[in-house]
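Participant: Quick one, what's the 3D model for this:
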Amino acid sequence: MNVGLALALFFTLGWMLMYTFRAESRSAALPFYSGRERLWVQFTPVFMFAHMSAACITITRAPVISAPSGVLGVATFVAAIAFWFWGRMMIGPLRVRRLPEEPPLRLRSDGAFGIVRHPLYFGYLLAASAPLLVVPRPFLLGTLGVCFVALAVRALQEERRLHAQLGTEYEAYCRSVRRLIPFVW
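Facilitator: Below you'll find the predicted structure:
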């Protein structure tokens with residue numbers, strides 16, 4: 001097995017882990033979303049899948065992958081999955097999924113939620129950027145940009161819901177913790 005194929009399989013398995021332990025069942029949650037929100041809930045995973053598929057295909061076809069870029073890509077991906085699981089475990093047990101209408105058991109502003117308001121989305125974004133460290137291609141930067149827009153829209157939609165559910169406590173939290181990219185936005 002060549003290095004490119006091994007990396008593509010590694011990235012695929014990591015995404016399967018995050019998908020298996022996601023915070024909500026999309027099919028059960030869809031009836032709770034408005035029309036526009038439902039659209040983004042359905043298309044965001046499609047964008048992520050398309051980006052990662054293109055990245056994995058590109059990696060497998062790369063003539064040469066340098067050891068430093070491969071190691072950096074793997075390290076970034078592992079860090080992304082670790083951060084994602086850190087945030088996911090703070091939401092609740094891994095096998096328990098919540099519906100959008102269920103307010104959080106409590107507002108978390110510690111741990112991963114003290115670094116960024118949407119640690120799962122940040123984990124997805126960081127994981128999606130890992131292949132670009134292995135094979136930097138302009139078109140992959142473009143598909144990553146589409147993923148960022150989709151996750152940013154989902155973050156804004158979730159925040160509207162959380163504002164309605166948690167009120168002023170959530171507003172204060174929003175003033176102290178960045179939305180999607182730690183220390184930036």
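Participant: What spatial separation is found between Pro63 and Ser69?
Facilitator: 13 Å (C-beta to C-beta, to the nearest Å). Quick note: C-beta positions are derived from backbone N, CA and C, even for glycine.
Participant: ok, the two, which is more surrounded?
Facilitator: The neighbour count for Pro63 versus Ser69, taken as other C-beta atoms under 10 Å, is higher for Ser69 (17 against 5).
Participant: so what's that one closest to, chain neighbours aside?
Facilitator: Nearest residue to Ser69, sequence neighbours excluded (C-beta to C-beta, 6 or more residues apart in numbering): Val134, at 5.2 Å.
Participant: got the contact list for the one you found?
Facilitator: Leu7, Ile59, Ala62, Ile65, Ser69, Gly70, Leu72, Gly73 (C-beta atoms under 8 Å, 6 or more residues apart in numbering).
Participant: What about those residues, which are in helices?
Facilitator: Leu7, Ile59, Ser69, Gly70, Leu72, Gly73 (DSSP state H).
Participant: Give the burial count for the second one, as a bare number.
Facilitator: Taking other C-beta under 10 Å as the neighbour definition, Ile59 ends up with a count of 25.
Participant: Hmm, it is touching Leu7, no?
Facilitator: Yes - using C-beta atoms under 8 Å, Ile59 is in contact with Leu7, at 5.2 Å.
Participant: Now do the shared contacts for these two.
Facilitator: Common neighbours of Ile59 and Leu7 (C-beta under 8 Å, 6+ apart) are Ile65, Pro131, Val134.
Participant: confidence score at the closest residue to the first one other than its chain neighbours?
Facilitator: Yep, that's Ile65 we're talking about. The shortest distance from Ile65 to any non-neighbouring residue, by C-beta to C-beta, 6+ apart, is to Val3 (5.0 Å). pLDDT recorded at Val3 is 94.
Participant: Neighbours of Glu158, how many?
Facilitator: The burial count for Glu158: 15, using other C-beta under 10 Å.
Participant: how far does the helix or strand hosting it sit from the chain's center?
Facilitator: Assigned by DSSP states H and E, Glu158 belongs to helix 138-166. Centre-to-centre, helix 138-166 and its host chain are 9 Å apart (C-alpha atoms, centre = their mean, to the nearest Å).
Participant: In it, which residues are buried?
Facilitator: 140, 143-144, 147-148, 150-155, 157, 159, 161-162, 166 (16 or more other C-beta atoms under 10 Å).
Participant: So which of these is the closest to Met48?
Facilitator: The closest of these to Met48 turns out to be Cys147 (C-beta to C-beta; 5.5 Å).
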